[in-house]
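Participant: sequence first, predicted coordinates after that:
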Amino acid sequence: MSAPYSFYEFFAGGGMARLGLGEAWACAFANDFDPVKAATYRRNFPDAAQHFHEGDVWKLDAADLPGRADLAWASSPCQDFSLAGARAGLSGGRSSAFFGFWRLVEALAAEGRAPRTVVIENVSGLLTSHGGADFAALGEALAARGYAFGALEIDAAGFLPQSRPRVFVVATREAPPAVLTGASPFHTRAVAAAHAALPPHLAERWIWWRLAAPPARNTDLAALLEPDAAVAWHSPERTAALLALMAPLHRARLEAMQARGERAVGAVFRRTRDEDGRRVQRAEVRFDGLAGCLRTPRGGSSRQSIVVVDEGAVRSRLLSPREAARLMGLPDAYALPKAATAALHVAGDGVAVPVVRWLGRELLEPLLAGAPGVTARTA
């Protein structure tokens, strides 16, 4: 039996959006520029030879995309929307790849093959980049091709033990059923502010998507870690050096855990902070059961570490690639690159699988099943 819905996946990485959408969706086309991610995609999806295109999105043509998809998913490069990328915005070299994707949607629309829905996933900075001008530019592009749209800011922490807020712009050319519009916990202050800043003609195209919160998460960071004996731990000297980087507040957190005498697991990032006009490297720890937001190892933040406090003793180590994959919702059967840096790059640059699954099941599938037909007008 064939899947009822079809999709194109742009900037597919290791195929995490595909995994999240699940068996109800058939991938008609996928693309990524990065050779490591492309190799990972092929390794995990045996049918990749039929639909995966490795290379620059700007070198693709509408003829490369078969049929008319129900959904076009685009997790375009996010560095230029993040603080680490100096927030160059849509004019930035990497995030301008979005327009390489969008020109394909425009070409499909000219042929009467525009995807029924579009999802654009990115970092939360998309909502505020250049004072909201970049988000408005995105809205202009969507509206010009007949799409109405709305945004949801979803933190993966609601699904997985990782703090990972992301924006999902969901656009449709069809009139959404009333049951899919209304209040949502994912209409954050940033989403409301982005909507308020839109010019009137784009505000008219806005949809307040109704998406319920998921059931309460029942796992924490400790539950996803490898057994202590299966991983390499830092030497006592390296652990002491890491702890020495902690500011008083974070050191106090650690000491409070030591005083309890129980086992506790914390996540640590090294960050550069400005203290009295000086740039100082600090180790910052959290014991709330969450990992910090995974980054690519060559990105703006260092690789995440784990500290374990047990009967007052402290040990530390690096987060393993498999643990990073679990924090993205990838199953242990998912094949990662053998090199740790490459594996962490694939995991850290992806989209959290359970978030996609929730969005697909609770919003995208009902939208496609219940929309009566193309009704949105071209602005």
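Facilitator: Ah, there it is. Numbers count the residues shown, from 1 in each chain.

Participant: report the contact partners of G139.
Facilitator: Contact partners of G139, counting by CB atoms under 8 Å, 6 or more residues apart in numbering, are 149, 198, 202, 205. No exception for glycine: its C-beta is placed from N, CA and C like everyone else's.

Participant: I'd like to know which of these are buried.
Facilitator: 149, 198, 202, 205 (16 or more other CB atoms under 10 Å).

Participant: between those residues, which sits nearest A230?
Facilitator: The shortest approach to A230 among the buried ones among the contacts of G139 belongs to F149, at 45.7 Å (CB to CB).

Participant: give me the below-cutoff pLDDT ranges for the stretch 251-379 of the chain.
Facilitator: By pLDDT under 70, the low-scoring segments of the stretch 251-379 of the chain are 298-302, 371-379.

Participant: so which of the contacts of G139 belong to helices?
Facilitator: Among the contacts of G139, the ones falling in helices (DSSP state H) are L202.

Participant: now, among the contacts of G139, which is nearest to D310?
Facilitator: F149 (49.3 Å).

Participant: bridged to the nearest residue to that closest one once chain neighbours are set aside, which residues?
Facilitator: Nearest non-adjacent residue to F149, counting by CB to CB, 6 or more residues apart in numbering: A171, 3.9 Å away. Judged by DSSP bridges, the bridge partners of A171 are V118, F149.

Participant: contacts only, for A171.
Facilitator: 117-120, 142, 147-149.

Participant: which one of the residues you listed sits closest to L336?
Facilitator: V119 (25.1 Å).

Participant: count of residues packed around the closest one?
Facilitator: By other CB atoms under 10 Å, the residues close to V119 number 25.

Participant: let me know the pLDDT of it.
Facilitator: If you check V119, the pLDDT there is 98.

Participant: could you look up the SS state of the closest residue to it other than its chain neighbours?
Facilitator: Once flanking residues are discounted, V119 sits nearest to W73: 5.0 Å by CB to CB, 6+ apart. Recorded secondary structure, W73: strand (DSSP: H, G, I helix; E, B strand; the rest coil).

Participant: wait, W73 touches G13, no?
Facilitator: No. Judged on CB atoms under 8 Å, W73 makes no contact with G13 at a distance of 11.1 Å.

Participant: higher neighbour count, the two?
Facilitator: W73 (29 against 23).

Participant: ok, now how distant is that one from A3?
Facilitator: 15 Å (CB to CB, to the nearest Å).

Participant: then P227?
Facilitator: Distance from P227 to A3, counting by CB to CB: 38 Å.

Participant: please identify which of the two sits among more neighbours.
Facilitator: Neighbours per residue (other CB under 10 Å) separate P227 from A3, with A3 holding more: 14 against 6.

Participant: ok, the residue nearest to V119 to E284 distance?
Facilitator: Using CB to CB, W73 is found at 33 Å from E284.

Participant: if we can go back for a sec, pull the most distant pair out of the contacts of G139.
Facilitator: F149 and L198 (10.0 Å).

Participant: between those two, what contacts are shared?
Facilitator: Counting by CB under 8 Å, 6+ apart, the contacts common to F149 and L198 are 139, 206.

Participant: now the contacts of G139 in TSV, with pLDDT?
Facilitator: Output for the contacts of G139, formatted as TSV (pLDDT from 0 to 100):
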residue	pLDDT
F149	98
L198	97
L202	97
R205	97
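
Participant: all helices of the stretch 51-200 of the chain, in order?
Facilitator: Assigned by DSSP state H, counting those that start in this stretch, the helices in the stretch 51-200 of the chain fall at 97-110, 133-144, 189-196, 200-203.
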